[in-house]
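Student: predicted model follows, preceded by the sequence.
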Amino acid sequence: MKRKILNTSLKFMGVLSLGLLLAHCGSTKEALSISDKERQAFESTKGDTVRIANEETEYEIIIIDPGFYTWLNSIARPEGYYSQSFLENRNILMVMEWNRRVLQPAQFSPNLYELQIDYKSEIDYGYEVNYKLYNYFIYFQRKYNQRLGPFLPRI
């Protein structure tokens, strides 16, 4: 009798886990919905160039991705919304994943992941660099339907 109860309990837990997994998958689709305004920024063909730099650390990233500048100024959360430590922690995770994908061109498109990003956690790049880099990662993930970490790319 104990064995039957145990098997029933395991089946119930399996069904419950599957149900929770399906519920989570459904919420993912909702969280990643793209507004018309955001879609317009993604579809932009106008060449935007965004320079991310900190003169003190001699750090510079140049992003040439049509629509990013428009998206940054119209869709992204404003500067000051996130703390610098939040941005740094997220950037560390996403840079590690980005660089891993750059090194695996057979598995990940070399058209999306062209160059490694040299981001060191012990360097203070300042708020602006972290803000723009973080938002580029969010933009990139949403535009190209990628995931660079365990977090949903929300705005």
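Tutor: Perfect, I can see it now.
Student: tell me where the chain has helices.
Tutor: Assigned by DSSP state H, the chain shows helices spanning 2-31, 36-43, 68-74, 84-102, 127-144.
Student: gap between the third one and the chain center?
Tutor: Computed by CA atoms, centre = their mean, to the nearest Å, the separation of helix 68-74 from the middle of its chain amounts to 16 Å.
Student: on contacts alone, who are the packing partners of that helix?
Tutor: Under the contact criterion of 3 or more CB pairs under 8 Å, 6 or more residues apart in numbering; DSSP states H and E, helix 68-74 touches helix 36-43, strand 49-54, helix 127-144. Using the backbone N, CA and C atoms, a C-beta is placed for each residue, glycine as well.
Student: which residues are contacting the last one?
Tutor: The set of residues external to helix 127-144 that reach it, using CB atoms under 8 Å, 6 or more residues apart in numbering, is 32, 34, 38, 42, 50, 52-54, 57, 59, 61, 63, 65, 67-68, 71-72, 76-77, 79, 82, 84, 87-88, 90-91, 94-95, 98, 112, 117, 119, 125, 146-148, 153-155.
Student: show the end-to-end separation of stretch 63-70, please.
Tutor: 13 Å (CA to CA, to the nearest Å).
Student: and the contacts of that stretch?
Tutor: 41-52, 132, 136, 139-140, 143.
Student: tell me the buried residues within those residues.
Tutor: 41-42, 44, 48, 50, 52, 132, 136, 139-140, 143 (16 or more other CB atoms under 10 Å).
Student: and the chain, what are its domains?
Tutor: Domains of the chain are assigned by automatic domain parsing as 1-31, 36-144.
Student: and for I34, the neighbour number?
Tutor: 15 (other CB atoms under 10 Å).
Student: excluding chain neighbours, what is closest to it?
Tutor: R142 (6.6 Å; CB to CB, 6 or more residues apart in numbering).
Student: repeat that for Y134.
Tutor: L87 (4.7 Å).
Student: what's the burial count for that neighbour?
Tutor: Neighbour number of L87 under other CB under 10 Å is 20.
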